[in-house]
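Engineer: show me the folded form of this:
(chains A, B, C and D)
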2 protein chains.
Amino acid sequence: MFSTASNAQPNFGAFAGMKPQLVTLDELFASTPRETLDIGEGLFWQGDRAQHIFEITEGVLRIFKIIGDGRRVITGFLYAGDMVGLSLKDVYLYSAEAVTAVKVRRLTRKAFQDAIENSPELRPQLFSLMCDEMAAAQEQMVLLSRKSAEERLCSFFLMIGRRHAGGQVPRMVELAMSRQDIADYLGLTIETVSRTITKLIQRGIITPNGRHAFDVTKPGKLLALCGDGDSYEELGGSGVKTRQAVWPN
Amino acid sequence: MFSTASNAQPNFGAFAGMKPQLVTLDELFASTPRETLDIGEGLFWQGDRAQHIFEITEGVLRIFKIIGDGRRVITGFLYAGDMVGLSLKDVYLYSAEAVTAVKVRRLTRKAFQDAIENSPELRPQLFSLMCDEMAAAQEQMVLLSRKSAEERLCSFFLMIGRRHAGGQVPRMVELAMSRQDIADYLGLTIETVSRTITKLIQRGIITPNGRHAFDVTKPGKLLALCGDGDSYEELGGSGVKTRQAVWPN
DNA sequence: CGAACCGTTGAAAGCATTCAACCTCGGTGG
DNA sequence: CCACCGAGGTTGAATGCTTTCAACGGTTCG
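Structural biologist: Here you go, the predicted model:
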């Protein structure tokens, strides 16, 4: 399952014999060999013994669950810098597969836990990551629970695009994954995804740029259609009405 | 953003005058005053400055998000022993309201963080809770993404019932919340919830016991209808086919 | 060049929603 | 004590969005 191309990076500047001080989670993985995954290849499967934590160095991974009759739900896409495999169950609760060619590094759970336990620097970083992941999961619940197909697609494009636009509304969106992957992530069928994208194109909101990329022709409209209203709005209590900058169209 | 189901144990024996060693998260809150919330009362709102972490001592809380045009999504119900408010954003990303009368204890974020940072005992517990919550969130995504109304209701009854049946398939389910709450949690309308429950009753799978409780007349059927297949099944790779005990009917 | 895969488009069907009326149960006040 | 009211819940009919089933177009690769 693994081809290991070892480009282990040298451990920069630490006096010989001294244990280097870890300051970022990234560095935790830096000394382990990189492994590569081909397109479609699995990293681990739902039900496997969970023995490692992985850091994605390059490429895109999908994590998904399969229920009874074969229905697949993609619960997330992971990009370079993300970690996967975090859990305290002894088996993985989901599967991970490469969407594109992927490079990862791995650490045993024990090694990871020890490192975390021994580093007051690392703990807040881990906590932060887990909180972000939880926030993303809740956003996804909102999407799956109450958004229309159009809103789901717009939300998805915004999410993917923002990742490469420093959080700004993107002018371009590159999709690494297939329509089927998108459908399984958004809780739709491949046909509905396709039809909805076609409509967004016809309305001039996005413009195709190859099959897996779009230019966002009307960022403001895309934002308006994602179903999130302004931002955090009228919610009783201390509802602070935040207003977004107005976008062209 | 945190639910968490914890079974806190009592602090056994600490010598008088000595600072007791904290061994459970529960004890962290034990010395703070209890506060009460009436039915429907809010604990905090989406957008409020997130200054406290709460532990629910008694009752049921709902946490939810509201988007643009007033659509409400309940992302979880919290029971005694659960914690809420965990996050590293400076504002809460969701609101929390009392479903029943509720008693809570609160800790400032700083106090909580300090306690965690200073206790090697507490950290794994917190980590464990966060992982459980993440697992629950993913299960919910599966439910919202791919399950039919009937499967959602059956999954919901199982989830609620198991909480009071030590994880076993329950023989009885008590619902603290209204049909509207259930609908907003399952991504359905109140009418669909009502109709689906009626059908389950007509088929003899559950038997009403007041308006907010059911006897599970056919636990096996309930389990079969929840849409989870056996448990973790055919998933390629090391797919270990696990088989459940067979239930009556 | 053809097979296979991915994506798009069309038509029909289905499940949940919407709109609306009705029921049921507590609580309240005459 | 009982009629009335209102909130929460149930049921019916029509609508609609997404799915399903099916056919077709385009690209890649052997």
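
Engineer: residue contacts, A:G161?
Structural biologist: A:169-170, A:172-173, A:216 (C-beta atoms under 8 Å, 6 or more residues apart in numbering or on different chains). Quick note: C-beta positions are derived from backbone N, CA and C, even for glycine.

Engineer: then the helix or strand bottoming out on mean pLDDT in chain A to CSV, C-alphas only?
Structural biologist: In chain A, no helix or strand scores lower on mean pLDDT, DSSP states H and E than helix A:25-30, which sits at a mean of 83. Extracted in CSV, the C-alpha atoms of helix A:25-30 (Å, rounded to 0.1, in the frame of the first residue of the first chain):
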residue,chain,number,x,y,z
LEU,A,25,3.2,20.3,14.8
ASP,A,26,4.6,20.4,11.4
GLU,A,27,8.1,19.8,12.7
LEU,A,28,6.9,16.8,14.6
PHE,A,29,6.5,15.0,11.3
ALA,A,30,9.5,16.6,9.5
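
Engineer: packing partners of the next helix-or-strand element following that helix?
Structural biologist: For helix A:25-30, the succeeding helix or strand toward the C-terminus, using DSSP states H and E, is strand A:34-37. Helices and strands touching strand A:34-37, by 3 or more C-beta pairs under 8 Å, 6 or more residues apart in numbering or on different chains; DSSP states H and E, are strand A:102-108.

Engineer: does chain B sit close to the strand it packs on?
Structural biologist: No - with C-beta under 8 Å from any C-beta of the partner chain as the criterion, chain B is not reached by strand A:102-108; the gap is at least 15.7 Å.

Engineer: could you pull out the buried residues of the least confident helix or strand of chain A?
Structural biologist: A:25, A:27-30 (16 or more other C-beta atoms under 10 Å in any protein chain shown).

Engineer: could you dump these into TSV and include distance to chain B?
Structural biologist: Listed next are the buried residues of helix A:25-30 as TSV, based on distance: C-beta to the nearest C-beta, whole Å:
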residue	distance to chain B
A:L25	14
A:E27	20
A:L28	16
A:F29	19
A:A30	23
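
Engineer: which stretches of chain A have low pLDDT?
Structural biologist: A:1-22, A:230-249 (pLDDT under 70).

Engineer: let's see it at 50
Structural biologist: Along chain A, the parts satisfying pLDDT under 50 run over A:1-17, A:231-249.

Engineer: how does chain A divide up, domain by domain?
Structural biologist: Split into domains by automatic domain parsing, chain A comes to A:25-141, A:147-225.

Engineer: save those as a markdown table, and put in distance to B:V104 too.
Structural biologist: Converted to a markdown table, the domains of chain A look like this (distance: least, C-beta to C-beta, whole Å):
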| stretch | distance to B:V104 |
| --- | --- |
| domain A:25-141 | 20 |
| domain A:147-225 | 32 |
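
Engineer: picking up where we left off before, which helices and strands does the least confident helix or strand of chain A pack with?
Structural biologist: Looks like helix A:25-30 contacts strand A:52-58, strand A:102-108, helix A:122-146 (3+ C-beta pairs under 8 Å, 6+ apart).

Engineer: among these, which is nearest DNA strand D?
Structural biologist: Nearest to DNA strand D, of all the helices and strands packed on helix A:25-30, is helix A:122-146, at 10.4 Å by C-beta to the nearest atom of the strand.

Engineer: quick one: the helix or strand following that closest one to helix A:122-146, angle?
Structural biologist: Beyond helix A:122-146 on the C-terminal side, the first helix or strand identified by DSSP H and E is helix A:149-163. Angle of helix A:149-163 versus helix A:122-146, following axes from the mean of the first three to the mean of the last three C-alpha atoms, to 10 degrees, is 160 degrees.

Engineer: do helix A:149-163 and DNA strand C meet at all?
Structural biologist: No - judged by C-beta under 7 Å from any atom of the strand, helix A:149-163 makes no contact with DNA strand C; its nearest approach is 10.9 Å.

Engineer: list the buried residues in that helix.
Structural biologist: Buried residues in helix A:149-163, defined by neighbour count with 16+ other C-beta under 10 Å: A:149-161.

Engineer: re earlier: among the domains of chain A, which is nearest B:R211?
Structural biologist: domain A:25-141 (26.9 Å; C-beta to C-beta).

Engineer: tell me how far the closest one lies from the chain's centre.
Structural biologist: 10 Å (C-alpha atoms, centre = their mean, to the nearest Å).

Engineer: my read is A:L200 is in a strand, agree?
Structural biologist: No - assigned with DSSP: H, G, I helix; E, B strand; the rest coil, A:L200 falls outside any strand and is helix.

Engineer: grab the CA positions of the strand or helix carrying A:Q113 and hand them over as PDB.
Structural biologist: Per DSSP H and E: A:Q113 is located in helix A:109-118. As requested, the backbone C-alpha atoms of helix A:109-118 are provided in PDB (Å, rounded to 0.1, in the frame of the first residue of the first chain):
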ATOM      1  CA  ARG A 109       0.000   7.100  17.700                       C
ATOM      2  CA  LYS A 110       2.200   6.600  20.600                       C
ATOM      3  CA  ALA A 111       5.000   8.800  19.300                       C
ATOM      4  CA  PHE A 112       2.400  11.400  18.600                       C
ATOM      5  CA  GLN A 113       0.800  11.300  22.000                       C
ATOM      6  CA  ASP A 114       4.200  11.400  23.700                       C
ATOM      7  CA  ALA A 115       5.200  14.400  21.700                       C
ATOM      8  CA  ILE A 116       2.000  16.200  22.600                       C
ATOM      9  CA  GLU A 117       2.200  15.200  26.200                       C
ATOM     10  CA  ASN A 118       5.700  16.500  26.500                       C
END
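
Engineer: list the buried ones in that helix?
Structural biologist: A:109, A:112-113, A:115-116.

Engineer: same question, stretch A:212-221
Structural biologist: A:214, A:216-221.

Engineer: for those, which one is nearest DNA strand D?
Structural biologist: Taking the buried residues of stretch A:212-221 together and measuring to DNA strand D by C-beta to the nearest atom of the strand, the closest member is A:F214, at 16.2 Å.

Engineer: which SSE is the closest one in?
Structural biologist: strand A:213-216.

Engineer: which residues touch the helix holding A:Q113?
Structural biologist: With contact meaning C-beta under 8 Å, 6+ apart, helix A:109-118 is reached by A:22, A:28, A:50-53, A:85, A:107, A:122-123, A:126, B:120, B:123.

Engineer: for stretch A:169-177, same thing?
Structural biologist: A:59-60, A:62, A:77, A:99-100, A:157-158, A:160-162, A:164-165, A:182, A:185, A:206, A:209, A:212-216, A:219-220, A:222-223, A:247.

Engineer: helices or strands up against the strand holding A:F214?
Structural biologist: Here strand A:213-216 touches helix A:149-163, strand A:172-174, strand A:206-208, going by 3+ C-beta pairs under 8 Å, 6+ apart.
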